[in-house]
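1. pasting the structure only:
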């Protein structure tokens, strides 16, 4: 069989494997507050989330996919080298996802993907093959890696302060309410968790859609960067299967280790995260669901009882965020050197 075809098939499989690990890694981000507030059983939460997660990639547009699929330029390389680079970048991201999942640490799959691809591209093809976008940023335009980094940095800050303000508002509106209101707040979480799942699918699945389409272009299977429907469907199915597999270690971290979650906290966190993530998807900005959910919980806790927020756990999460890009980059570079021995 032709080397390019074999390598393309292998890379597509790895893209879908990354999407699967993304799904079970990020499942916890969506269902953690639902379970912690006892709004749903784990089985109910996973089924509701999986259904709306499936719809997100199909109905959420392709703006994020276009951003991710174009932040590296490999079309001037020979096809075998270009596909090998993408293959190794994805392996590095998957390895980092599995490592942090195993340790129960809510890291960012988005950071891992960007770090894995950018790291191996710089080593294998040179920094000029990464669309950094920093010059455009100075002129007020967001493109390339700069757009990705700005979105990943700003989204948790926005999540924190939106969560802070929303929770303050909700507490004022519900002041003096009978404790039975908690039952209604739990019912409302069926809608807010569905919205969060949809927004997650609309943002996160598009990242793999962009990479998979890039593979098709680099392999010469399609002439231009236009996302086929089967790519959207494949990524939608794969991330949904990942969601159904769950990431229960991370549920404990987000649902119980940052702040004690009650029904109102869970509802506010879900509304905050869903709004921030979906707005980012419309803007074509890839964000980390992990970042946004965790920061919204911190903001909600800070608005109510700052001393009750477990800031030590927050610092641990932030540290993981900071080392994810270089960590995934290092793993992808190691994968590339191993691959060189077989090519």
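-> Perfect, I can see it now. In this text the structure is predicted, and so the values were computed from the model without any measurement. Numbering: from 1, shown residues only.
2. poorly predicted segments of this protein, please.
-> 1, 25, 28, 104-106, 246-257, 313, 317, 343 (pLDDT under 70).
3. from the chain's centroid, how far away is the strand or helix carrying residue 6?
-> In this structure, residue 6 is located in helix 3-36 according to DSSP states H and E. Centroid displacement of helix 3-36 relative to its chain, using C-alpha atoms, centre = their mean, to the nearest Å, is 10 Å.
4. in it, which residues are buried?
-> Across helix 3-36, burial judged by 16 or more other C-beta atoms under 10 Å covers 4, 7-8, 11-12, 14-36. In this view, the C-beta of every residue, glycine as well, is placed from N, C-alpha and C.
5. OK, contacts around the residue sitting nearest the centre point of the chain?
-> In the chain, the residue lying closest to the centroid (C-alpha atoms, centre = their mean) is residue 288, at 4.2 Å. Contacts here follow C-beta atoms under 8 Å, 6 or more residues apart in numbering; on that basis residue 288 touches 108-111, 152, 155-156, 321.
6. and with 10 Å instead?
-> By C-beta atoms under 10 Å, 6 or more residues apart in numbering, the contact list for residue 288 reads 26, 29, 106-112, 151-152, 155-156, 159, 203-204, 277, 280, 294-295, 321, 324.
7. just the ones of these in helices?
-> If you go by DSSP state H, the contacts of residue 288 have 26, 29, 109-112, 151-152, 155-156, 159, 203-204, 277, 280, 294-295, 321, 324 in helices.
8. hmm, back to that, what packs against the helix holding residue 6?
-> helix 42-59, helix 79-103, helix 109-124, helix 181-218, helix 229-245, helix 248-256, helix 263-282, helix 289-304 (3 or more C-beta pairs under 10 Å, 6 or more residues apart in numbering; DSSP states H and E).
9. which one of the ones you listed lies closest to residue 66?
-> Nearest to residue 66, of all the helices and strands packed on helix 3-36, is helix 181-218, at 6.6 Å by C-beta to C-beta.
10. ok now that closest one, how far from the chain's centre?
-> 9 Å.
11. for that helix, list every residue counted as buried.
-> When burial is assessed from 16+ other C-beta under 10 Å, helix 181-218 yields the following buried residues: 182, 185-186, 188-189, 192-218.
12. do stretch 217-225 as well
-> Using 16+ other C-beta under 10 Å as the test for burial, stretch 217-225 gives 217-219.
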